[in-house]
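*Asks:* What follows is a predicted protein model with its sequence.
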Amino acid sequence: MYKKFEMDLAGKHLVVDVDRVGKQANGAVLMHYGDTTVLSTATASKEPRDGIDFFPLSVEYEEKMYSVGKIPGGFNKREGKASENAVLTSRVIDRPMRPLFPKDLRNDVTLDNLVLSVDPTCAPELVAMLGSAIATSISDIPFDGPCAMTQVGMINGEFVFNPGQDEKAVSDLKLTVASTREKVIMIEAGANIIPEEKMLEAIFAAHEVNLEVIKFIDTIVAECGKEKFSYTSYAVPEDLMADIKTVIPPEQMEEAVFTDDKQKREKNIDAFKDMLKERYADNEEWLGMLGDALYLYQKKTVRKMILKDHKRPDGRRLDQIRPLSAEVDLIPRVHGSAMFTRGQTQICDIVTLAPLSEAQRIDGLDSNVTTKRYIHHYNFPSYSVGETKVSRGPGRREIGHGALAERALLPVLPSEEEFPYAIRAVSETFESNGSTSMASTCASCMSLMAAGVPLKAPVAGISCGLVTGDTDDDYVVLTDIQGLEDFFGDMDFKVTGTKEGITAIQMDIKIHGLTPAIIKEAIARAREARLFIMDTCMLPCIPEPRKQLNEYAPKIVSLQIDPEKIGEVIGQRGKTINSIIEVTGAKIDIDDDGMISVCGTDQEGIDNALKLIHLIVDPIEIGKTYVGTVVRIKDFGAFVQLTPNKDGLIHVTKLADHYVKRVEDVVKEGDEVRVKVIGIDNMGKISLSLKDADPE
């Protein structure tokens, strides 16, 4: 008989079934939140994986289209690779949970979440986050939990906890906060320019909800939790560390890492490694741990320098930003380009504009989201860090960084009515030494302005780091962390925003949580830094969006018509609209509300297309002269095409002031003629006169 645990969470009913399904996993729970159902499992290998120097954790979030009553698109009618939303959800689960596993654990651990049904009022992503935490907590896998996650929205200035799809659609905030029973361990946010004080209020409110969930999880663990298994520790032996320090004294290690040149620092460490390889050539055990030992030695050295001496590896002050530079228009013929450089981190961003019909289609579990008009892609080639590796497409990190920069700029984009374009920004990493995602935010903001996208305000981003000591009060917050400070520090706290407020947050930590004081200081430091970056680097380069689009960008003109006339513009089987496209070379899109977008690089073609559309949708007026094409000749007269869907007849008596024996004596098929409308009967038939047409 399985066990059921229940609680009310944010006004909805949460049910956790233990020992009902998935009993061969180390831990499994069937989660019900409203009608949303997710199976969450935690499984570990029996033996450690050989030849690795990291904890091998995998997190999966599987979206099944049957959960929303759909059959997948495509030829195979089977779910393919994980969607972007699935990848991002997996990352949000991974980031708070990874630090709670033992760092020296080498057994493979997989957290799998299978979405079985979706209730639009209860987000499956949240249920999966909670399910992974509970499944791991009750399992025998070593884990310093439990932890809990809460989502927060804000509607009309009021917080909404764990909002549904409809609430998220109108919310000014999309915030996810993860906590242990003591501290906040993860923050992820997208926000519509929310002041720092309001964001802090939301974070701490979510933490309070998390504490209630953790109490609930504690009751489940108390009744169903397994004893944690023992594992082989891969921690570096103390006697190895002591011996290394006799060969490389601490002051020598400090000198090796104390440089602002990443390649020089790596060269210094490689020299130490070669020296130690020779020393331990006959000690296979120590030789195998040499990489971990040198990493640990560097880490302790850097942390001691920062925490005790307030010295950063590149000699900067704790709140000092690396040298900045920016330029726009460095790539010819593209619609917009900009390069942003901060120290040894360099991003080039290229913007492409297109009709709204080229917006990305999304086949997902959220019924409110079917297309994405703004797309931000981020690429991280191996040469950017001086390495060689075959490119196999974007990984989870690249997708996550692109999504963060995308969230950062969404709140300042113009509406579709103001700017009827699909927009793609691609950030190419030319060089990397810390926080390329924040450099991507700055570069993409400038390239959008260079492309003529009328942003509501400029956006900048920065990452703050952290080094902690033995107590909660013993810590140092760092502004603009470089790679070494990220690797050896405790936090990567990324914040983007305008001068008025925050647009996005992503916080990763390697410790068991942050105190309110640290969170407040990091957000304050980030605000100060992003304003400095805007005022001293970005805005002097390009102070505002350009008024005109690039000459190579498509021009789009919108026209609102009566929705009942959409069929006339399209024509039978698309004949009418396709003929306009063929004649003018313009691209034409029509939505269900009668909004027509005409797009092209040739303004004359756009003007001609608009003229033809007007001829179709505007009523034919008696007494008005039109230009048309003779399409058919009959004995009694000639038919003239006035618009792609309207013809009129010139009776033989209206061809000329004199008697006309044969129609062909005056006009021939294909002739362009000026004709006046002289009548429209009850059936809509149009009578024309060639002889009475007004002159040009």
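*Replies:* All right, it came through fine.

*Asks:* And residue 593, how far from residue 335?
*Replies:* Here the criterion is CB to CB, to the nearest Å. By it, residue 593 lies 27 Å from residue 335. Just so you know, the C-beta spots here come from the backbone N, C-alpha and C atoms, and that holds for glycine as well.

*Asks:* And the worst-scoring helix or strand of the chain on mean pLDDT, how far out from the chain middle?
*Replies:* One helix or strand of the chain scores below all others by mean pLDDT, DSSP states H and E: helix 284-288, with a mean of 85. Counting by CA atoms, centre = their mean, to the nearest Å, helix 284-288 is centred 43 Å from the centre of its parent chain.

*Asks:* For it, list every residue counted as buried.
*Replies:* Residues of helix 284-288 classed as buried by neighbour count (16 or more other CB atoms under 10 Å): residue 286.

*Asks:* One more: stretch 196-215?
*Replies:* Under 16+ other CB under 10 Å, the buried positions of stretch 196-215 are 196, 198-200, 202-203, 205-207, 209-210, 213-214.

*Asks:* from the chain's centre, how far out does the next helix or strand along the chain from the least confident helix or strand of the chain sit?
*Replies:* Next along the chain after helix 284-288, taking DSSP states H and E as the criterion, comes helix 290-309. Helix 290-309 sits 34 Å away from the centroid of its parent chain (CA atoms, centre = their mean).

*Asks:* before we move on, what about stretch 657-665?
*Replies:* Worked out by CA atoms, centre = their mean, stretch 657-665 lies 69 Å from the chain centre.

*Asks:* Span of that stretch from start to end?
*Replies:* Its first and final residues considered, stretch 657-665 spans 13 Å by CA to CA, to the nearest Å.

*Asks:* residues near residue 645, how many?
*Replies:* Residue 645 has 21 neighbours, counted by other CB atoms under 10 Å.

*Asks:* Against residue 235, how distant is residue 506?
*Replies:* The gap separating residue 506 from residue 235 is 30 Å, by CB to CB.

*Asks:* Mind checking which of those two has more residues around it?
*Replies:* Each of residue 506 and residue 235 has its neighbours counted (other CB under 10 Å); residue 506 has more, 27 against 11.

*Asks:* Now do the same for that one: helix, strand or coil?
*Replies:* strand (DSSP: H, G, I helix; E, B strand; the rest coil).

*Asks:* burial of the spatially closest residue to residue 679 that is not a sequence neighbour, as a residue count?
*Replies:* Leaving aside its chain neighbours, residue 679 sits nearest to residue 687 (3.9 Å; criterion: CB to CB, 6 or more residues apart in numbering). Residue 687 is flanked by 18 other residues according to other CB under 10 Å.

*Asks:* Using CSV, list the CA coordinates for the helix or strand containing residue 687.
*Replies:* Take DSSP H and E as the rule and residue 687 turns out to sit in strand 686-689. C-alpha atoms of strand 686-689 as CSV (Å, rounded to 0.1, in the frame of the first residue of the first chain):
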residue,chain,number,x,y,z
ILE,A,686,-19.1,47.1,-62.9
SER,A,687,-19.6,49.2,-66.0
LEU,A,688,-16.6,51.1,-67.3
SER,A,689,-16.0,53.8,-69.9
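
*Asks:* mind listing what residue 307 touches?
*Replies:* Residues near residue 307 by CB atoms under 8 Å, 6 or more residues apart in numbering: 467-469, 474-476.

*Asks:* Give me the buried subset of those.
*Replies:* By neighbour count, with 16+ other CB under 10 Å, those hold 467-468, 475-476 as buried.

*Asks:* from those, which two are the most distant?
*Replies:* Spatial extent of those (CB to CB) is set by the pair 468 and 476 at 8.1 Å.

*Asks:* before we move on, back to that, residue 593 and residue 335: which is more packed in?
*Replies:* Between residue 593 and residue 335, residue 335 has the larger neighbour count (other CB under 10 Å), namely 25 against 9.

*Asks:* where does the residue nearest to that one when sequence neighbours are not counted fall, helix, sheet strand or coil?
*Replies:* The spatial neighbour of residue 335 that comes closest, neighbours along the chain excluded (CB to CB, 6+ apart), is residue 553 at 4.2 Å. Put simply, residue 553 is coil when judged by three-state DSSP.

*Asks:* ok, residue 553 - how many residues close by?
*Replies:* The burial count assigned to residue 553 is 20, neighbours taken as other CB under 10 Å.

*Asks:* Contact partners for it?
*Replies:* Shown in contact with residue 553 (CB under 8 Å, 6+ apart): 335-336, 353, 451-452, 601.

*Asks:* helix/strand/coil for residue 429?
*Replies:* strand.

*Asks:* From residue 408, how far out is it?
*Replies:* 16 Å.

*Asks:* Between the two, which is the more surrounded one?
*Replies:* Set residue 429 next to residue 408 and count neighbours by other CB under 10 Å: residue 408 wins out with 32 against 23.

*Asks:* The more buried one against residue 504, yeah?
*Replies:* Yes: using CB atoms under 8 Å, residue 408 and residue 504 qualify as a contacting pair, with a distance of 4.2 Å.

*Asks:* Now for the two: what residues contact both?
*Replies:* 441, 461, 496-497.

*Asks:* isn't there a helix covering residue 267?
*Replies:* Yes: under three-state DSSP, residue 267 sits within a helix.

*Asks:* Count the neighbours of it for me.
*Replies:* Residues near residue 267, counting by other CB under 10 Å: 12.

*Asks:* One more: residue 485?
*Replies:* 26.

*Asks:* Now do the contacts for the spatially closest residue to it that is not a sequence neighbour.
*Replies:* Once flanking residues are discounted, residue 485 sits nearest to residue 465: 4.9 Å by CB to CB, 6+ apart. Residues near residue 465 by CB under 8 Å, 6+ apart: 477-478, 481, 485-486, 489-493.

*Asks:* what's the farthest-apart pair in those?
*Replies:* Checking those with CB to CB, the most distant pair is 477 and 486, at 13.7 Å.

*Asks:* strands paired with the strand holding residue 687, and their directions?
*Replies:* Take DSSP bridges as the rule and strand 686-689 pairs in its sheet with strand 646-651 (parallel), strand 672-680 (antiparallel).

*Asks:* Of those strands, flag the one that's most buried.
*Replies:* strand 646-651 (a mean of 20; mean count of other CB atoms under 10 Å).

*Asks:* then that one to PDB, C-alphas only?
*Replies:* In PDB, the C-alpha atoms belonging to strand 646-651 read as follows (Å, rounded to 0.1, in the frame of the first residue of the first chain):
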ATOM      1  CA  LYS A 646     -12.500  42.700 -59.500                       C
ATOM      2  CA  ASP A 647     -13.200  43.000 -63.300                       C
ATOM      3  CA  GLY A 648     -15.300  45.600 -65.100                       C
ATOM      4  CA  LEU A 649     -16.800  45.700 -68.600                       C
ATOM      5  CA  ILE A 650     -16.200  48.500 -71.200                       C
ATOM      6  CA  HIS A 651     -19.100  48.200 -73.600                       C
END
